[in-house]
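Chemist: have a look; sequence and predicted model below, questions after that.
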Protein chains: 2
Amino acid sequence: MPIELTASQALGLWHGAALDQVRHDDRDLTLRQMAILLHIYLVPPPHTVRGLAATLDVTKPVITRALDTMGEMGLVDRVRDDADRRNVIIKRTVGGALYLEKLGDLIRDQARRLRI
Amino acid sequence: MPIELTASQALGLWHGAALDQVRHDDRDLTLRQMAILLHIYLVPPPHTVRGLAATLDVTKPVITRALDTMGEMGLVDRVRDDADRRNVIIKRTVGGALYLEKLGDLIRDQARRLRI
DNA sequence: GGAAAATGGAACGTTAGCGTAACGATCTTC
DNA sequence: GAAGATCGTTACGCTAACGTTCCATTTTCC
């Protein structure tokens, strides 16, 4: 049975990681974009616009625009689904993997600092 | 000596908490705004525009605009410093405390789910 | 085959973010 | 007290976000 996080530890972790991320990377993602990005990389594919919209409880254009922006940043990619050509399959990229790898490191550093 | 977070745990924690936060709150803060908000609430005052800009390594207008927006959202407040009237002291609000309390709960829930 | 449904995106007007540069107000220095 | 430095904000032109609505393409269902 692990020891539970205190409120102070939870927010301290978030604070430190957010701060480090802001300091070392110019790309200022919104929480929505971040949730989309993480979902794409952590949940087994395939991922579609409609599916992400339902998952995040936002409208489809929100997803489309987030993918536009993050695509421009090199964090995600889009490919038409050949099985059902109405669908667009969202793909991972090397840039996105690197971005999240770095974020993961920052979070782990904070956890270490806070002795979580 | 605590067990260290794995990369998967770190990102999974961030993913789950970001997702829940997006789902239950319309206010879509950027990572910069979030870092500012957390800094104000977790680091002892006083907080100034200049100080925050230096801490986050961003320009002053970025802080001013973030405070405008978050002030409108009821998350922070601003007061002129009577000791040096060039300064503006950034104050905490009930709304901001509630927002972060909720965020902390979401993070802790995720940590519990991931058995961190 | 033809109607209906579903998907992702575009269009519209609005709002909010950015960096750079300038501003008025205030304090410090001489 | 005048000159300069410092503080937060505003202005500018631009980019990107929003919600709503509508649309072209593709699939499904009789």
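Modeler: Looks like it came in fine.
Chemist: tell me which parts of chain A are close to DNA strand C?
Modeler: By Cβ under 7 Å from any atom of the strand, the residues of chain A that approach DNA strand C are A:26, A:28, A:48-51, A:60-61, A:63-64, A:67, A:78, A:86-88. (Glycine included, C-beta is placed from N, CA and C.)
Chemist: tell me which of those is nearest to residue B:101?
Modeler: residue A:28 (24.6 Å; Cβ to Cβ).
Chemist: top of the residues of chain A next to DNA strand C by neighbour count?
Modeler: If you count neighbours using other Cβ atoms under 10 Å in any protein chain shown, the busiest of the residues of chain A next to DNA strand C is residue A:63, which has 25 neighbours.
Chemist: residues in contact with it?
Modeler: A:36, A:49, A:52, A:53, A:56 (Cβ atoms under 8 Å, 6 or more residues apart in numbering or on different chains).
Chemist: with distance to residue B:101, secondary structure and pLDDT added, can I get those in CSV?
Modeler: Listed next are these as CSV, based on distance: Cβ to Cβ, whole Å; DSSP: H, G, I helix; E, B strand; the rest coil; pLDDT from 0 to 100:
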residue, distance to residue B:101, secondary structure, pLDDT
A:36, 25, helix, 92
A:49, 33, helix, 90
A:52, 28, helix, 91
A:53, 28, helix, 92
A:56, 22, helix, 92
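Chemist: from the residues you listed, pick the one nearest residue B:107.
Modeler: Each of the contacts of residue A:63 was scored against residue B:107 by Cβ to Cβ, and residue A:56 proved nearest at 17.9 Å.
Chemist: residue A:47 versus that closest one, what's the distance?
Modeler: Distance, residue A:56 to residue A:47, using Cβ to Cβ, to the nearest Å: 11 Å.
Chemist: of those two, give the one with the bigger neighbour count.
Modeler: Set residue A:56 next to residue A:47 and count neighbours by other Cβ under 10 Å: residue A:47 wins out with 22 against 19.
Chemist: remind me which residues of chain A are low pLDDT?
Modeler: Applying pLDDT under 70 to chain A flags the ranges A:1-3, A:116.
Chemist: show me where chain A has its strands.
Modeler: Assigned by DSSP state E, the strands in chain A fall at A:76-80, A:88-92.
Chemist: show me what contacts residue A:66?
Modeler: Residue A:66 neighbours (Cβ under 8 Å, 6+ apart): A:32, A:33, A:36.
Chemist: re the thing from before, most widely separated two among the residues of chain A next to DNA strand C?
Modeler: Most distant of these, by Cβ to Cβ, are A:26 and A:86, 35.6 Å apart.
Chemist: if we can go back for a sec, out of the contacts of residue A:66, which touch chain B?
Modeler: Among the contacts of residue A:66, the residues that sit close to chain B (Cβ under 8 Å from any Cβ of the partner chain) are residue A:32.
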